[in-house]
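# Have a look at this fold, sequence not included:
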């Protein structure tokens, strides 16, 4: 997931995962002054909107539900997700 630390939509998207799952999530900070910033990766991927998800080489812009992310990524685990986008 490509993000900006100043982006409220990125923050909201991260919150859906909860602390433990967020620690497993690969996210790339696009602002040069952000923590662990990698703006060169954002430029190389031509990121125009955040959050943007890169799943199996395909890009999905904007906030996504956990259900949709599970579908797109082929997630095979439990789908009884605690939070939904509408909860925020």
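Good, I have the coordinates. Note that the structure is a prediction, hence the values are computed from the model and not measured.

# Which other helices and strands does the lowest-mean-pLDDT helix or strand in the chain contact?
Within the chain, no helix or strand scores below helix 8-24, which has a mean of 88 by mean pLDDT, DSSP states H and E. Judged by 3 or more CB pairs under 8 Å, 6 or more residues apart in numbering; DSSP states H and E, helix 8-24 is in contact with strand 2-3. Glycine gets a C-beta too; all of them are placed from N, C-alpha and C.

# what does the strand it packs on contact?
Strand 2-3 is contacted from outside by 10, 13-14, 27-30, 41-42, 45, 47, 50-54, using CB atoms under 8 Å, 6 or more residues apart in numbering.

# now do stretch 51-66
Taking CB under 8 Å, 6+ apart as the rule, stretch 51-66 contacts 1-3, 7, 9-10, 12-13, 16-17, 45, 48-49, 69, 72-74, 81, 83-85.

# For that stretch, which residues meet the burial criterion?
51, 52, 53, 63, 64, 66 (16 or more other CB atoms under 10 Å).

# Distance of the last one relative to residue 11?
When distances are taken as CB to CB, to the nearest Å, residue 66 and residue 11 turn out to be 16 Å apart.

# Over to the third one?
When distance is defined by CB to CB, residue 53 is 15 Å away from residue 11.

# Where do the helices of this protein begin and end?
Secondary structure of the chain by DSSP state H: the helices cover 8-24, 39-44, 66-73.

# how about the ones you listed in a markdown table, adding distance to residue 58?
Shown next, in a markdown table, are the helices of the chain (distance: least, CB to CB, whole Å):
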| stretch | distance to residue 58 |
| --- | --- |
| helix 8-24 | 17 |
| helix 39-44 | 16 |
| helix 66-73 | 8 |
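
# Below-threshold pLDDT in this protein: ranges please.
Within the chain, the stretches with pLDDT under 70 are 82-88.

# And the residue nearest the centre of it?
Geometric centre of the chain, nearest residue: residue 1, 3.6 Å, by CA atoms, centre = their mean.
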